[in-house]
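Colleague: Give me a 3D structure for the following:
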Amino acid sequence: MTVAPDSFETEPRHWRARLAASVDAVRELSRHSDPQDVYAVFARRLNELFPVGRQLTVSRRGLRAPQYRVTRYSLWTDPADPWKELHRLPVHAGGLLAETVYAGQPRLVPDLALGSDDPAAEYLAGQRSVLAVPLFDQGTVQNMLVLAREEPDGFPRDRIPDLVLLGNLFARATRTLAQSRAVREAHDAVDYELRTVADIQASLLPDRVPAVPGLDVAVHYQAAGRAGGDYYDFFPLPGGRLGVLVADASGHGAPAAVLMAIAHSAAHARPDPPDRPGELLTHLNGHLTRRYTQKTGSFMTAFYAVFDPAAGTLAYASAGHDPARLARADGARAVLNRAQRLPLGINPDEVYPEQVVPLRPGRPGGPVHRRGDRGGRARRGRVRPGPARRRPAARPRVGRGGRRRGAPRPEGVHRRPAAGGRPHGRGGRAGLTAGWSPTPGREVRPGVVFPPGRATIGGVPTPPLPGPRCQRNP
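Modeller: Predicted coordinates:
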């Protein structure tokens, strides 16, 4: 490394050496991101470019005149981090440094003379000239860079503007690095909390897919972030029946996960078995609306269905959720949208009707499959990546709200909930596929697809994390 001559010497013959030293300095500074490391490099390099006997920084931040705090000093052997160890930094009152930092202007003292009672004497002993450089933050001077030399009149006037600009650029960069570090640490803390929330949320989901004779069930679950409001659940019922719940809380992240956990608790705390879809949704809606959602503007879409393999029927009710699809053995597709009502958590007096759909026996043959809204496919309980294909011509065209385009709006289907904003965007996914055969052990052909919800409020969700939860029954 080539050390530049004294940059206070402004002879033209020295410009190449000063330029080389400046390039080396900024190159070394670019390799560091910790504010303490950056300051150490800056102080050393500044002393190479502008040799001085003392460097110190004083601050008035958080203090009242005439108090000031010394945050940096070139002779300290164990320097404190002013961003994290404020308690280690000495506080003084009055004297030259107090006058300078509260004046907020550059100050040159060509021939220094300090009284013995001036706190600055401790730091400037043996120095004869002083240059104070104000450091601005939000338009006001909060800190001051103080340089001192042993000889009187040691600071050429024509170099003072360069030092003012250099000092303020460095102070701005250091503050940005400190803020970036604080943001990074806060992000790590929040991420840890969200990981914990995600672990708790995962424990609320079924740990296995129920085995029901004649029923083939597959699950695909993928949150938009660490945690979210997507929810699915199974309720084994008397008579070999199975209740299946798919729901999606508004919003993303921890708030949506909390609402999902509340819904889970309310669903499982109900004393009677949830064998009537409309009654369960009515119960959840009343519980959420009266105690939780009216003050926050949150809501939750939900679809609950009860399979009865013995009777070959499916009873369902929907609270603003995307309609499920029924794929029959003959290739016909049906949209289960005749029991739509408002999402949960909006109207405390909402009553949810239910519909019963017969599941006609189907021929043994090809598997039930579903093409996901992101190009994924669930095929006989396994979710595989693959390109989305053109929908079959027999599939009815479905518009917003689950109704066929051009058809009159079914009773109870509402356009968008007004509370807490409108659902839009795309969050996580909790999808289920269930295929039914009247003869256990035979390959399943007809099936029901429960789509993921789309109830979100505000913003674009973060990209989904890898590792979706995929399960099927044995």
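
Colleague: Tell me how many other residues crowd residue 64.
Modeller: Look at residue 64: counted by other Cβ atoms under 10 Å, it has 8 neighbours. In short, each C-beta sits where N, CA and C put it, glycine included.

Colleague: For it, report the pLDDT, please.
Modeller: Residue 64 carries a pLDDT value of 94.

Colleague: Ok, residue 13 next?
Modeller: pLDDT recorded at residue 13 is 57.

Colleague: likewise residue 390?
Modeller: Residue 390 is given a pLDDT of 36.

Colleague: do the same with residue 264
Modeller: 93.

Colleague: Not including adjacent chain positions, what is the nearest residue to it?
Modeller: Nearest residue to residue 264 in three dimensions, chain neighbours excluded: residue 204, at 4.9 Å (Cβ to Cβ, 6 or more residues apart in numbering).

Colleague: Name all residues that make contact with the one you found.
Modeller: 231, 260, 261, 264 (Cβ atoms under 8 Å, 6 or more residues apart in numbering).

Colleague: need those in JSON lines with secondary structure and distance to residue 121, can you?
Modeller: Putting those into JSON lines (DSSP: H, G, I helix; E, B strand; the rest coil; distance: Cβ to Cβ, whole Å) gives the following:
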{"residue": "231", "secondary structure": "strand", "distance to residue 121": "69"}
{"residue": "260", "secondary structure": "helix", "distance to residue 121": "65"}
{"residue": "261", "secondary structure": "helix", "distance to residue 121": "63"}
{"residue": "264", "secondary structure": "helix", "distance to residue 121": "69"}
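
Colleague: Residue 15: which of these is nearest?
Modeller: residue 260 (66.7 Å; Cβ to Cβ).

Colleague: right, and the closest one touches residue 200 too?
Modeller: No. Counting by Cβ atoms under 8 Å, residue 260 does not reach residue 200; the two are 10.6 Å apart.

Colleague: higher neighbour count, the two?
Modeller: The residue with more neighbours, out of residue 260 and residue 200, is residue 260; 23 against 12, by other Cβ under 10 Å.

Colleague: For that one, report the pLDDT, please.
Modeller: 91.

Colleague: Please apply the same query to the one 10 residues further on.
Modeller: Note for residue 270: predicted pLDDT of 86.

Colleague: What's the local residue count around the closest residue to it other than its chain neighbours?
Modeller: Excluding its sequence neighbours, the residue lying closest to residue 270 (Cβ to Cβ, 6+ apart) is residue 283, at 5.8 Å. By other Cβ under 10 Å, 19 other residues sit near residue 283.

Colleague: same thing with residue 311?
Modeller: Using other Cβ under 10 Å, residue 311 has 14 other residues around it.

Colleague: Would you double-check that it falls in a helix?
Modeller: No. Looking at residue 311 with DSSP: H, G, I helix; E, B strand; the rest coil, it is coil, so not inside a helix.

Colleague: ok now do it, which residues does it touch?
Modeller: With contact taken as Cβ under 8 Å, 6+ apart, residue 311 is in contact with no other residue.

Colleague: quick one: it from residue 25, how far?
Modeller: According to Cβ to Cβ, to the nearest Å, residue 311 and residue 25 sit 82 Å apart.

Colleague: okay, stretch 54-66 in CSV with CA atoms only?
Modeller: Output of stretch 54-66 as CSV, limited to C-alpha atoms (Å, rounded to 0.1, in the frame of the first residue of the first chain):
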residue,chain,number,x,y,z
ARG,A,54,-6.3,13.5,17.7
GLN,A,55,-9.7,12.4,16.2
LEU,A,56,-12.9,12.4,18.2
THR,A,57,-16.6,12.6,17.6
VAL,A,58,-19.0,14.3,20.0
SER,A,59,-22.8,14.1,20.0
ARG,A,60,-25.7,16.1,21.4
ARG,A,61,-28.3,13.5,20.5
GLY,A,62,-30.7,12.9,23.3
LEU,A,63,-29.1,15.5,25.5
ARG,A,64,-29.8,19.1,26.6
ALA,A,65,-27.4,22.0,26.3
PRO,A,66,-24.6,22.2,27.4
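
Colleague: Any buried residues in it, and which?
Modeller: The neighbour-count check on stretch 54-66 (16 or more other Cβ atoms under 10 Å) flags 54, 55, 56, 57, 58, 59, 60, 63 as buried.

Colleague: Buried subset of the contacts of residue 204, written for ChimeraX?
Modeller: Here is the ChimeraX selection string for the buried members of those, based on 16+ other Cβ under 10 Å:
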select :231,260,261,264
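
Colleague: got the contacts of residue 204 as JSON lines, with distance to residue 79 columns?
Modeller: JSON lines is the format used below for the contacts of residue 204 (distance: Cβ to Cβ, whole Å):
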{"residue": "231", "distance to residue 79": "52"}
{"residue": "260", "distance to residue 79": "49"}
{"residue": "261", "distance to residue 79": "47"}
{"residue": "264", "distance to residue 79": "52"}
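
Colleague: and the contacts of residue 204, which two are the farthest apart?
Modeller: Spatial extent of the contacts of residue 204 (Cβ to Cβ) is set by the pair 231 and 261 at 8.8 Å.

Colleague: what's the neighbour count on residue 113?
Modeller: Counted with other Cβ under 10 Å, residue 113 comes out at 8.

Colleague: mind checking how far it is from residue 54?
Modeller: In this view, residue 113 and residue 54 are 16 Å apart by Cβ to Cβ.

Colleague: One more: residue 183?
Modeller: With the distance defined as Cβ to Cβ, residue 183 ends up 34 Å from residue 54.

Colleague: Over to residue 20?
Modeller: According to Cβ to Cβ, residue 20 stands 26 Å off from residue 54.
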